[in-house]
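Peer 1: I would like the atomic coordinates for the input below:
(chains A and B)
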Amino acid sequence: MNNQYRNPSLEAEIELFSIYTQLLRIRMIEEAIAERYSEWQMRCPVHLSIGQEAIPVGISTHLTKKDHVYSNHRSHGHYFAKGGSLKKMIAELYGKETGCCGGRGGSMHLIDLDIGFMGSTPIVGGTVPLAVGDAWSAKLKGEKRVSVIYFGDGCFEEGVLHESMNFAILHKLPVIFICENNGYSVYTKLNDRQPSRKIINIAKAHGMQVHTADGNDVLDIMKISYNAIEQARNDNKPQFFEFKTYRWLEHCGPDDDDHLKYRPQGELSIWKEKCPVEKLKNHIMSKNINYATQFTLIEKAIESEISDAFKFAINSNPPSIDLLNKHIYA
Amino acid sequence: MHKSNDKNIRKLTFSKAVREGIDQAMMKDSDLIVIGEGVPDPKSIFLTTEGLQEKYGDDRVFDMPLSENGMTGVCIGAALNGTKVLMIHQRIDFAMLAMDQIVNNAAKWHYMFNGQSSVPIVIRVIVGRGWGQGPQHSQNLQALFAHIPGLKVVTPTTAKDAKGMMIAALKDKNPVIFIEHRWLHHIEDAVPERMYSSSLNKAQVLRKGSDITIVANSLMTIESIKAADALLEVGVSIEVIDLRSIKPIDLDTILKSVFKTKNLIVVDSAWKTGGVSAEIITLVLESNFDLLKRAPLRITSPDHAVPTSHYLANEYYQDAKQIAQQILKFLGREDSIDTVDGILHTNNPADAPSKNFHGPF
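Peer 2: Numbering: from 1, shown residues only, chains lettered A, B, ... in the order given. Here you go, the predicted structure:
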């Protein structure tokens, strides 16, 4: 359903509905995870990306299955936007044998090789050089595809990111760096971690072609990223994107943690006003056509898919204990 | 290089054998690339990568930015896309910068993603000794790597194994830490010209004996054999096992020997605490508590960093003489120490592998 949107014709309603469906789907999946988290069946850390859905959806419209994506601890949106299996993901959170890692990874280790989602891991910066090396290999083999790496503003403080950018530029690799700047590393503000200068300026100094857009505006993201991704793909020019966005819930877990007051009062509600899902819905509605039925149908279809995925996870078997020491070596 | 009609007795140095192994593996597998700081430079990793870039081109043989952690990740990423990578660090100490990628990614990728992908990468690290290399240029960190599930850790001793294990490591689907002692580089033995693999998980008996089993690895195997040869002169017969693989440890070969000798000494160039020597003794005792006639002995470096000055460092490093002395004490044969010291006396400098050694270090 996704991944076919090559050259954005942003006024075509059918495309807009497809993009909206993806945004809403990620939102509803994560809301369902949050709602059921207290049941103690998903017994692993979850880093929900509610509020940040537009970035991976926008970027993924320009990717195909052949393109590879690497991600981090907050990876659900990246995984679904690329086309990762919902059933396998929910089963993974339930620790079941049908999970995308057979229960070995949980939320922080998603993988779906069929659609080019190569893996997510929670050591900040850990997968950044992997995406670069994957792109290096692709270039050496003449595969004409890109590797995408998603990371947060905190990762920009990791030396390995700068080592990775250096090599990507040095060897002109088809890699797309995407900085999702949500302003916080756990409870710590960006200003307490980085000096007052622009992240993209540092990336630019490395030699990157840099781009920014409103991280909550999926159409804007699609517009500014199409040519850049094609340049990476066809001309081996690494690209760097910084998108400002906002995480609505706590760093890790299903709840709103605004009562902890590490974020200024009112900041969350300002960002909720900029909800990426509502933003696109309003844009579609502004076309003055009554799409109420379509919106309802989309929501019902997603609800049903999510319900099926949870049923699948609940009904799946736990992994066999016999497998505990398997796959230590290939 | 010597050559006779029988190609099986061609002799080659350890460093030339490593180079030949890499060369033959690259010839066979066009997806194999080689990268490391200094790989194509004039000194070519102590001549072990000499001429490879000229032969295979600059799209297969690379120099590297000084980004050990990032570049290890880059090599892992390339491996995940099916590019086989040999990564080289001139000093094992430099690989400490890359422990995040080695421990968190390379070692675990296959397990944590349920066997769906693997990381075929060989990380070749060279261990220094002597010539004032000091605290950060001569560490022996085999135990550190061996602790991590998912890594294979090998320490070839002979030139024949250096080539065969390099070829085997480059064929393996897993991350292999290939630990190579700089002082072995000039040692020559029979190395077949053909492409062949040596086992990555088997120890081997390098010297037969009946009184004591010594389990050693890398350079310490050579020193142990020298000690054993001298001790035979005073009537002590020692079997020397070259461990070859630190992870996994080939307990069967060790037990077979200890069943015969009932005495176990482990000689390791690394530190004592939490080391390979402790692991081997524990494995033997766990499997058969009553097997040994005497308490086992560990001969290791002392538990502190090595100082640079040769006046101090020469005492730190274990060599054949020190090994022999400790074995004689172990047997209650202190009366023979002077005799054995005399046999092992050498005019070679203690802080260089031989008088003929001119570096580069």
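Peer 1: And the residue minimising distance to the centre of chain B, its phi and psi?
Peer 2: In chain B, the centroid-proximal residue (Cα atoms, centre = their mean) is residue B:155; its distance is 2.6 Å. Here is the backbone geometry of residue B:155 (degrees, to the nearest 10): phi -140, psi 80.
Peer 1: Might you report the residue contacts of it?
Peer 2: B:142, B:179, B:180, B:181, B:217, B:218, B:243, B:244, B:245, B:246 (Cβ atoms under 8 Å, 6 or more residues apart in numbering or on different chains). Just so you know, the C-beta spots here come from the backbone N, C-alpha and C atoms, and that holds for glycine as well.
Peer 1: separation between it and residue B:113?
Peer 2: Separation of residue B:155 from residue B:113 (Cβ to Cβ, to the nearest Å): 29 Å.
Peer 1: remind me which residues of the chain are low pLDDT?
Peer 2: I'll assume chain A. Residue ranges of chain A with pLDDT under 70: A:1-11, A:288-289.
Peer 1: I was after chain B.
Peer 2: In chain B the weaker segments, taking pLDDT under 70 as the threshold, are B:1-8, B:359-361.
Peer 1: ranges for the helices of it?
Peer 2: B:14-28, B:44-47, B:52-56, B:68-80, B:99, B:109-112, B:142-146, B:159-171, B:219-232, B:251-261, B:276-287, B:310-316, B:320-330, B:337-344 (DSSP state H).
Peer 1: Of those helices, flag the one that's most buried.
Peer 2: helix B:68-80 (a mean of 29; mean count of other Cβ atoms under 10 Å in any protein chain shown).
Peer 1: tell me which strands and helices that one is in contact with?
Peer 2: helix A:128-141, helix A:159-170, strand B:32-36, strand B:84-89, strand B:121-127 (3 or more Cβ pairs under 8 Å, 6 or more residues apart in numbering or on different chains; DSSP states H and E).
Peer 1: Repeat the analysis, applying 7 Å as the threshold.
Peer 2: Judged by 3 or more Cβ pairs under 7 Å, 6 or more residues apart in numbering or on different chains; DSSP states H and E, the packing partners of helix B:68-80 are helix A:128-141, helix A:159-170, strand B:84-89, strand B:121-127.
Peer 1: List the residues that contact residue 319.
Peer 2: You didn't say which chain, so I picked chain A. Residues near residue A:319 by Cβ atoms under 7 Å, 6 or more residues apart in numbering or on different chains: A:97, A:102, A:103.
Peer 1: hm, I was asking about chain B
Peer 2: residue B:223.
Peer 1: near chain A, which residues of chain B?
Peer 2: Residues of chain B lying close to chain A by Cβ under 7 Å from any Cβ of the partner chain are B:59, B:65, B:67, B:69-71, B:73-78, B:80-83, B:100-101, B:104-105, B:110-118, B:149-150, B:173-174.
Peer 1: run the last query once more with 6 Å
Peer 2: Within reach of chain A by Cβ under 6 Å from any Cβ of the partner chain, chain B has these residues: B:65, B:67, B:69-70, B:73-78, B:80-81, B:83, B:104-105, B:110-116, B:118, B:149-150, B:173-174.
Peer 1: burial count for residue 90?
Peer 2: Using chain A. When counting by other Cβ atoms under 10 Å in any protein chain shown, one arrives at 27 neighbours for residue A:90.
Peer 1: my bad, chain B
Peer 2: With other Cβ under 10 Å as criterion, residue B:90 counts 22.
Peer 1: Ok, the one 5 residues further on next?
Peer 2: A count of neighbours around residue B:95, defined by other Cβ under 10 Å, yields 25.
Peer 1: Quick check: it touching residue B:88?
Peer 2: No. Using Cβ atoms under 6 Å, residue B:95 makes no contact with residue B:88, being 10.0 Å away.
Peer 1: one step back: out of the helices of chain B, which comes closest to residue A:51?
Peer 2: Nearest to residue A:51, of all the helices of chain B, is helix B:109-112, at 28.0 Å by Cβ to Cβ.
Peer 1: send the alpha carbons of that closest one over as PDB?
Peer 2: Taking C-alpha atoms only, helix B:109-112 is exported to PDB below (Å, rounded to 0.1, in the frame of the first residue of the first chain):
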ATOM      1  CA  TRP B 109      23.100  -9.600  15.600                       C
ATOM      2  CA  HIS B 110      22.600 -13.200  14.600                       C
ATOM      3  CA  TYR B 111      21.200 -14.200  18.000                       C
ATOM      4  CA  MET B 112      19.000 -11.200  18.700                       C
END
